[in-house]
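Visitor: can't give you the sequence, but here's the structure:
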């Protein structure tokens, strides 16, 4: 008798509960695409490189502007 109750509980849980079909239980409610971890790492590395390039360009422009300002100050 206890075995029947245990099986009934298991079937209810694995069956998805009341009001669900067995076909619906197989599919996940939320559809998430699975991407390999290496892809995520590559995207992170690409983002870091892009940020570093942008900072590098900003520093070069800053140096150029400082030189121009220094030259203008010397002429005045």
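Guide: Thanks, I have it. Note that the structure is predicted; figures quoted are calculated from it, not measured.

Visitor: list the helices and strands the helix or strand encompassing residue 54 packs on?
Guide: Following DSSP states H and E, the helix or strand that holds residue 54 is helix 37-75. Using 3 or more CB pairs under 8 Å, 6 or more residues apart in numbering; DSSP states H and E as the contact test, no helix or strand touches helix 37-75. For every residue, glycine as well, the C-beta is placed using N, CA and C.

Visitor: now do it, average pLDDT.
Guide: For helix 37-75, mean pLDDT rounds to 92.

Visitor: now residue 56: how far from residue 49?
Guide: Taking CB to CB, to the nearest Å as the measure, residue 56 falls 10 Å from residue 49.

Visitor: what pLDDT does residue 29 get?
Guide: The model's pLDDT for residue 29 equals 72.

Visitor: tally of neighbours for residue 41?
Guide: 10 (other CB atoms under 10 Å).

Visitor: and what of residue 38?
Guide: 8.

Visitor: from residue 45, how far off is it?
Guide: 10 Å.

Visitor: repeat that for residue 74.
Guide: 44 Å.

Visitor: how about residue 69?
Guide: 36 Å.

Visitor: also residue 60?
Guide: With CB to CB as the criterion, residue 60 and residue 45 are 23 Å apart.

Visitor: what's stretch 39-47 in contact with?
Guide: For stretch 39-47, contacts defined as CB atoms under 8 Å, 6 or more residues apart in numbering pick out no residues.

Visitor: ok, back up a step: okay, residue 74 and residue 45: which has more neighbours?
Guide: Neighbours per residue (other CB under 10 Å) separate residue 74 from residue 45, with residue 45 holding more: 10 against 7.

Visitor: against residue 29, how distant is that one?
Guide: Distance from residue 45 to residue 29, by CB to CB: 33 Å.

Visitor: same question, residue 69
Guide: 61 Å.

Visitor: do the same with residue 56
Guide: Distance from residue 56 to residue 29, counting by CB to CB: 46 Å.

Visitor: who's more crowded, these two?
Guide: Between residue 56 and residue 29, counted using other CB under 10 Å, residue 56 has the larger neighbour count: 10 against 5.

Visitor: all set now, cheers.
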